[in-house]
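Enquirer: after the sequence you'll find the predicted model.
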Amino acid sequence: MKKTLLVSAASLALFASQALAQEGTISTAVGGYTFDEASQEAAGTKDFNSNDGVLTFAIVTHTAGNGFFDPTYVGAQIAADAFGVKLLKLGSEAPVDDVARELEILNQIIQDPTLDGLILTSPQVGAYDDIVAKAFELGIPVATTNSFDATILNRDNISHTGQNGPAAAAIGARAMVACIVDSGASGGTILLPNTTTLGNVEVNNRALGAFEATVGALDAAGRLGDFVVDAGPENIGVDIDPNNPSGSIVSLIESRGDVVGLMGFNGFVTPAIGDAVAQLGIGDNVCSYGFDLGPAQKQHIIDGNLDGSIGQQPLLQGFWPVAQLYLQIDRGVEAADLDTKVQLVTRENLGAVGTRFEN
């Protein structure tokens, strides 16, 4: 009998705890509809624009050849699968910025009669207005990702997913200065190499942000007079040869003779910095930082040829534009920007970052 009473008491206690846990549960909106009803896709969503019963989005980048955008495509596919979207993953095959090829692809895909949404990177200011104009003429919503063009046609009606380039670069620059100061270096050159002639405004703005942050951090430490910060004549980076980036950086380091710090600003230059440091065997003598977190950067961090690199969280740069275009079509949510921010990745936290494909 005692055992039966104890079980009954336990059952009552469990029932009471479940009832308490359900207090405050909301199942109906103030407007009178249920959340289950409201969360369903609209009846005509899959027939948007092309009227073929399938939502088809294309994502086009300016360089699919160096691995940086791999996680962007992964993020886009995750969102496409979640929302039942057919996704076309397109981009320049080059390992370095190739806007001409991206535009060629965009001009082809915009003619596809099944296209319902377009995602593109916009590294060259003013180059994409014709594409945007055509898309809007056809009723195709557009989202930009990664590189930002503030002047792009219909900017106020286009979402952007990415980070503040100068602010992101400043995080790496301050880490580089801290590394240099902590190393005990009495002076020397801090070199900021870049592919300035390629005209990637986003990357050039990162270089300018890094230059300003480097100068500011040295000044705050009372060490500005001890170092030369070389970011080229316009402070957007010392130009290197895009056909031989590693060799160009090796030549720059050797010509200066006193380099104590290096920083690159994209997934093309940063691995070249690691290659140059490895070739010269100066990993213990320079503080080297960069941008993006592809396989090459990760290996250079492990090997000690890079002290750190800025992870842009590119998976979000693919996931959100697809989600945004779907919400625009199904819900009327338009031009909702997402700041992906960045994280500084070093040997200390590398193991927690990008372990499931790249971050």
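Expert: Cool, the structure landed.
Enquirer: all contacts plus neighbour counts: C-alpha atoms, from now on.
Expert: Will do.
Enquirer: hey, where'd the helices end up in this structure?
Expert: With helices called from DSSP state H, the chain shows them at 2-22, 35-38, 70-83, 99-109, 129-138, 165-183, 201-220, 245-256, 269-280, 295-303, 314-331.
Enquirer: what's the distance between the fifth one and the middle of its chain?
Expert: Averaging C-alpha positions (C-alpha atoms, centre = their mean, to the nearest Å) puts helix 129-138 25 Å from its chain's average.
Enquirer: before we move on, what about the third one?
Expert: Relative to its chain's centre, helix 70-83 lies at 14 Å (C-alpha atoms, centre = their mean).
Enquirer: using PDB, list the CA coordinates for that helix.
Expert: Taking Å, rounded to 0.1, in the frame of the first residue of the first chain, the C-alpha atoms of helix 70-83 are listed here in PDB:
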ATOM      1  CA  ASP A  70      32.800  27.500 -50.300                       C
ATOM      2  CA  PRO A  71      31.100  27.900 -46.900                       C
ATOM      3  CA  THR A  72      29.000  30.700 -48.400                       C
ATOM      4  CA  TYR A  73      27.600  28.300 -51.000                       C
ATOM      5  CA  VAL A  74      27.100  25.800 -48.100                       C
ATOM      6  CA  GLY A  75      25.100  28.300 -46.100                       C
ATOM      7  CA  ALA A  76      23.100  29.200 -49.100                       C
ATOM      8  CA  GLN A  77      22.300  25.500 -49.700                       C
ATOM      9  CA  ILE A  78      21.300  25.000 -46.100                       C
ATOM     10  CA  ALA A  79      18.700  27.800 -46.400                       C
ATOM     11  CA  ALA A  80      17.600  26.600 -49.800                       C
ATOM     12  CA  ASP A  81      16.900  23.200 -48.400                       C
ATOM     13  CA  ALA A  82      15.100  24.600 -45.400                       C
ATOM     14  CA  PHE A  83      12.800  26.800 -47.600                       C
END
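Enquirer: flag every buried residue along that helix.
Expert: Going by neighbour count (16 or more other C-alpha atoms under 10 Å), the buried part of helix 70-83 is Asp70, Pro71, Thr72, Tyr73, Val74, Gly75, Ala76, Gln77, Ile78, Ala79, Ala80.
Enquirer: identify, from these, the entry nearest to Ser122.
Expert: Thr72 (14.7 Å; C-alpha to C-alpha).
Enquirer: the closest one and Gln279, how far apart?
Expert: Separation of Thr72 from Gln279 (C-alpha to C-alpha, to the nearest Å): 31 Å.
Enquirer: same deal with Asp70?
Expert: 27 Å.
Enquirer: show me the contacts for Ser186.
Expert: Asp226 (C-alpha atoms under 8 Å, 6 or more residues apart in numbering).
Enquirer: pLDDT value on it, please?
Expert: Looking at Ser186, its pLDDT is 97.
Enquirer: ok, Asn200 next?
Expert: At Asn200, pLDDT is 86.
Enquirer: same check on the one 10 residues further on?
Expert: Residue-level confidence at Ala210 comes out at 98, pLDDT.
Enquirer: surely it touches Pro166?
Expert: Yes - counting by C-alpha atoms under 8 Å, Pro166 is a contact partner of Ala210 at 6.6 Å.
Enquirer: so between these two, which is more surrounded?
Expert: Applying other C-alpha atoms under 10 Å to Ala210 and Pro166 shows that Ala210 carries more neighbours, namely 31 against 20.
Enquirer: and that one, what does it touch?
Expert: Pro166, Ala169, Ala170, Gly172, Ala173.
Enquirer: for the last one, grab the count of nearby residues.
Expert: So the one you mean is Ala173. Counted with other C-alpha under 10 Å, Ala173 comes out at 30.
Enquirer: kindly report the same for the third one.
Expert: Close neighbours of Ala170, defined as other C-alpha under 10 Å, add up to 22.
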